[in-house]
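Colleague: Structure for this input, please:
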Amino acid sequence: MRLHDPSAQSLRLVFLLIFVMGVAPSPVFTAGCPDRCVCDEQLVVQCSGQHLTEFPLSLPLATRQLIISNNLIRELPALELNYLSDLVYLDCSNNSLSEIVESTFGNLKKLAFLDLSFNALTVVDDRTFSALVGLVMLRLTDNPGLSEVHPEAFAENTGLQVVDISRNNLTLLNITSYITMPALRALGLSGNPWRCDCDNEDLCLWMQLEPFRFQDQGVTLCQSPQDMVGQRLADVGYQLREDCHPGLDYWDYVFLTAVGIAIFSGGTISAWVMGVVFVLYDRYFEKKEDDEEGEEEDFQRDSSRNGDVKPGKNV
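Modeller: Down below sits the predicted model:
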């Protein structure tokens, strides 16, 4: 999937406005502009291609767009970055970032576009992007060591529309959080060494059922096992569904038989116990009724005997 990169267009527009219209940068905004960066009145800070080895410090707090692509930055410091609470666009592509911790984006609630492509990331855990509640587009392409994306990595990013994780080192993808993302309309997966086996059955079936979500599904290919190499993931979903759920084998029948016997035995014992309880209950009340009837007959006899004796007269 070839996704549009708005950073180049934004940069061209900025320089065009400055050059053609003679627009001077706002003194208020540019007063604290970092060395080797350009800050303009559109609240854009451009630090691309300046051979920076560290994240630029003393950025204007009102920054809306920050472009630090094509440098040698190894770390995004959470403290400095989270001062930029109005940031909506962040391009960190083509650097040397190897890790993104939970606190890195802790205060960037308005961030809508994030580009982390062409870096050295190896894993995306479940809290990496959880604070980015306003995120709309995420690019995570071309990180050769990226081999794991946590199943719940995007559980909190309900507004995400485009996720591009193409050209990494992913072999498996748990789609649990992706299929529940209400706004997702494009997911880029091409260029990864996908395994087309039972562990990836759900992914392949999803691609086959909803190909419109995968704009690069035509070039998203299996790299293993050997008999699947070169096939499109979108073509093998039904096949995997059939292969991964064959008929019952010997041990399945043994298990089901054992369970059936256990259920039958349990039901029989339960019925016997209930029968014994019922008989004892019935006999208890029958005996009680007999005792009550005997007491009533004795009372009636005593009453009749006392009624036959007439009171005598005093002489």
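
Colleague: can you give me the helices for the stretch 151-300 of the chain?
Modeller: Ranges of helices in the stretch 151-300 of the chain, per DSSP state H, counting those that start in this stretch, are 201-209, 237-243, 250-308.

Colleague: least reliable of these going by mean pLDDT?
Modeller: Note on the helices of the stretch 151-300 of the chain: helix 250-308 shows the lowest mean pLDDT, a mean of 68.

Colleague: Was I right to think Thr104 contacts Glu80?
Modeller: No. Applying Cβ atoms under 8 Å, one finds Thr104 not in contact with Glu80, separated by 10.6 Å. C-beta: built from backbone N, CA, C; applies to glycine.

Colleague: where does the protein have low pLDDT?
Modeller: In the predicted model of the chain, residues 1-31, 247-256, 259, 262-263, 266-267, 285-300, 302-315 satisfy pLDDT under 70.

Colleague: Could you list the domains of it?
Modeller: Here the domain parsing of the chain from the TED database is 31-188, 250-282.

Colleague: can you redo those domains as JSON lines with mean neighbour count and distance to Leu233?
Modeller: Shown next, in JSON lines, are these (neighbours: other Cβ atoms under 10 Å; distance: least, Cβ to Cβ, whole Å):
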{"stretch": "domain 31-188", "mean neighbour count": "18", "distance to Leu233": "10"}
{"stretch": "domain 250-282", "mean neighbour count": "10", "distance to Leu233": "29"}
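
Colleague: Including distance to Met228, could these go into CSV?
Modeller: Below are the domains of the chain laid out as CSV (distance: least, Cβ to Cβ, whole Å):
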stretch, distance to Met228
domain 31-188, 12
domain 250-282, 26
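
Colleague: for these, which one sits closest to Arg241?
Modeller: Smallest distance to Arg241 across the domains of the chain (Cβ to Cβ): 14.3 Å, for domain 31-188.

Colleague: Once you drop chain neighbours, what's closest to Leu121?
Modeller: Asn143 (4.4 Å; Cβ to Cβ, 6 or more residues apart in numbering).

Colleague: List the residues that contact that neighbour.
Modeller: Leu116, Ser117, Phe118, Asn119, Ala120, Leu121, Thr122, Asn168, Asn169 (Cβ atoms under 8 Å, 6 or more residues apart in numbering).

Colleague: likewise Asn169?
Modeller: Neighbouring residues of Asn169 by Cβ under 8 Å, 6+ apart: Asn143, Pro144, Gly145, Leu146, Ser147, Asn192, Pro193.

Colleague: got it, and Cys204?
Modeller: Taking Cβ under 8 Å, 6+ apart as the test, what Cys204 contacts is Cys196, Leu233, Ala234, Val236, Gly237, Leu240.

Colleague: can you do 6 Å?
Modeller: Under the criterion of Cβ atoms under 6 Å, 6 or more residues apart in numbering, the neighbours of Cys204 are Leu233, Val236, Gly237, Leu240.

Colleague: tell me the contacts of the nearest residue to Leu97 once chain neighbours are set aside?
Modeller: Using Cβ to Cβ, 6+ apart and skipping the chain neighbours, the partner closest in space to Leu97 is Asn119 (4.2 Å). Residues in contact with Asn119 (Cβ under 6 Å, 6+ apart) are Asn95, Leu97, Asn143.

Colleague: Sort out for me which of these are in helices.
Modeller: With helices taken from DSSP state H, there is no overlap with the contacts of Asn119.

Colleague: quick one on the thing from earlier: which of the contacts of Cys204 count as buried?
Modeller: The neighbour count (16 or more other Cβ atoms under 10 Å) marks Leu233, Val236, Gly237, Leu240 as buried among those.

Colleague: Surely the first one touches Leu221?
Modeller: Right, Leu233. No. Taking contacts as Cβ atoms under 6 Å, Leu233 lies outside contact range of Leu221: 7.1 Å.

Colleague: Distance-wise, check the closest residue to Thr180 other than its chain neighbours relative to Leu184.
Modeller: Distances taken as Cβ to Cβ, 6+ apart place Ala155 nearest to Thr180, at 7.9 Å, with adjacent residues excluded. Per Cβ to Cβ, to the nearest Å, Ala155 is found 12 Å from Leu184.

Colleague: Kind regards, and thank you for your time.
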